[in-house]
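Colleague: Have a look; sequence and predicted model below, questions after that.
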Amino acid sequence: MTTAAIIVAAGRGTRAKGPLPKQWQEVAGKPVARWTLEAFCALDQVIMVIHPDDETRAMDLINGLEVTLVHGAADRAGSVRNGLEALAISPPDHVLIHDVARPCLPWPVAQSVLDALEAYSGAAPALEVTDALWTGAAQRVTGTRDRSGLFRAQTPQGFHYAAILAAHRAHPGGAADDVEVARAAGMDVAIVPGDERNLKITGPDDFDRAAQLLAPKENSMDIRLGNGFDVHAFEEGDHVILCGVSVPHDRKLKGHSDADVGMHAVTDAIYGALAMGDIGRHFPPSDPQWKGAASEIFLRHACDLARDKGFEIGNVDCTLICERPKVGPHANAMMAEMGRIMGLPSDRVSIKATTSERLGFTGREEGIAALATATLVKT
Ligand SMILES: Nc1ccn([C@@H]2O[C@H](COP(=O)(O)OP(=O)(O)OP(=O)(O)O)[C@@H](O)[C@H]2O)c(=O)n1
Ligand SMILES: C[C@](O)(CO)[C@H](O)COP(=O)(O)O
């Protein structure tokens, strides 16, 4: 199943006022249109329908995103039609049609629309009308209306592509939204739950409402969790290096570097939390310069990367799995050394050990395994 998005952005935003059409004005640090596009950029194709006068602005805005620009028409329905026609070269199975002026879309709303397209040829989010409804004129109430069965329509409205293209081609024009066009063509359209946060910037006050919804996301705490796992085999020797500490033993660990299995697991946990691969990617074993290298170099590199990206290391927890040597007597020294390298207080570094009850390669004392977890926090 392929899914495309059409973001209609050819309006002039006259009601919103301001120096520019509303979609090009900034909210919480980005143009409205950028917030909207970013929500859809994981789909197979994204079309943004723009006013011809906005071409340069739109080209700047889509920088780094795979978006096709298409010129709009005199009204919304015409703009949608142009977007649909542009998709005909490579027709998707499903299409989501969304107002650029709804930049705060919570993705589960769009997902509900897509899910409903399994059973319906059209689906759209809406909220039940909960306030009383009146008619009025000259600042006086002139009547009341029954609100039952009334909904406030939102976007994205989703459809089977071939059906909505045919519906738009057959429609005389002037529809308020694509559900109206679909229904005119006899399509069955499901209502899925909308969301109050999915507001449409229409008047000048709506910019502040949108900023309140978008800004917290930008400034909120970003917490990452990573795990690491490593194994090194024993070979002849008289000590092992574990978490930066030399521990006397009747064998040593074999490896390209100093084979510090615990430090490697912690380093990989930090790379993992950053989604930036593992030690092998940053320090290839094929590169002779890392032969016999102190693993401290790797751990420092991972910590520096995290800090360069604005993260603090919250804590690390490492479990060494071996029958021997006994880790307990050295654990405090290991925690102090790891804390020193990572620039962390000792209560944020945990090193512990377990045996594997004589089972498996660690139980047969063929090597040592280590697993680690790290949290990274950006405030
Ligand atoms: N000719 C048009 C008119 C509207 N739209 C788009 O349709 C959506 C909903 O329209 P609305 O909120 O009414 O936007 P504007 O037409 O820009 O606003 P206004 O009516 O205040 O000028 C907007 O994303 C708008 O850019 C469009 O692509 N082409
Ligand atoms: C499509 C729509 O967003 C549904 O609520 C809306 O109808 C478009 O905006 P307009 O203000 O009606 O032009």
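Modeller: Noted; the coordinates are in hand. Ligands and ions are numbered 1, 2, ... in the order given.
Colleague: CA only for contacts and neighbour counts going forward, please
Modeller: Will do.
Colleague: Phi and psi next, for the spatially most central residue of the chain.
Modeller: By C-alpha atoms, centre = their mean, the chain has its centre lying nearest to Ala39, at 9.0 Å. Main-chain torsions, Ala39, degrees, to the nearest 10: phi -70, psi -20.
Colleague: And Pro204, by the same measure?
Modeller: Dihedral angles for Pro204 - degrees, to the nearest 10 - are phi -60, psi -30.
Colleague: first vs last residue of stretch 269-278, how far apart are they?
Modeller: Using C-alpha to C-alpha, to the nearest Å, the span of stretch 269-278 from its first residue to its last is 8 Å.
Colleague: What of stretch 118-126?
Modeller: Stretch 118-126 end-to-end distance (C-alpha to C-alpha) = 18 Å.
Colleague: That stretch near ligand 2 at all?
Modeller: No. Contact of stretch 118-126 with ligand 2 is not found when judged by C-alpha under 6 Å from any ligand atom; the minimum separation is 8.4 Å.
Colleague: List the buried residues for that stretch?
Modeller: Residues of stretch 118-126 classed as buried by neighbour count (16 or more other C-alpha atoms under 10 Å): 120-126.
Colleague: got a list of contacts for it?
Modeller: 109, 113-114, 116-117, 151-160, 163, 179, 182, 187-195 (C-alpha atoms under 8 Å, 6 or more residues apart in numbering).
Colleague: Repeat the analysis, applying 6 Å as the threshold.
Modeller: 113, 151-154, 157-160, 189-194 (C-alpha atoms under 6 Å, 6 or more residues apart in numbering).
Colleague: same thing with stretch 359-368?
Modeller: 231-234, 321-322, 356.
Colleague: For the helix or strand bottoming out on mean pLDDT in the chain, buried residues please.
Modeller: Here the helix or strand of the chain ranked lowest by mean pLDDT, DSSP states H and E is helix 206-219, holding a mean of 84. Buried residues in helix 206-219, counted by 16+ other C-alpha under 10 Å: 207, 209-211, 213-214.
Colleague: Report all helices and strands that that helix contacts.
Modeller: Under the contact criterion of 3 or more C-alpha pairs under 6 Å, 6 or more residues apart in numbering; DSSP states H and E, helix 206-219 touches no helix or strand at all.
Colleague: Close to ligand 1: what parts of this structure are there?
Modeller: 8-16, 49, 72-76, 79, 99-101, 202.
Colleague: Repeat the analysis, applying 8 Å as the threshold.
Modeller: 7-17, 21-23, 49-51, 72-80, 98-102, 200-203 (C-alpha under 8 Å from any ligand atom).
Colleague: Does His168 lie in a helix or a strand, and which?
Modeller: helix 161-170 (DSSP states H and E).
Colleague: C-terminal to that helix, what's the next element?
Modeller: Helix 161-170 is succeeded, C-terminally, by helix 178-184 (DSSP H and E).
Colleague: Give the rounded mean pLDDT of that following helix.
Modeller: For helix 178-184, the mean per-residue pLDDT is 98.
Colleague: How about stretch 3-15, which residues are buried there?
Modeller: 3-11, 13.
Colleague: Equivalent analysis for stretch 35-52, please.
Modeller: 35-37, 40, 45-51.
Colleague: Which residues does the longest strand that the chain contains contact?
Modeller: In the chain, taking DSSP state E as the definition, the longest strand is strand 222-236. With contacts defined as C-alpha under 6 Å, 6+ apart, strand 222-236 is touched by 251-254, 261, 265, 268-270, 272-273, 366-378.
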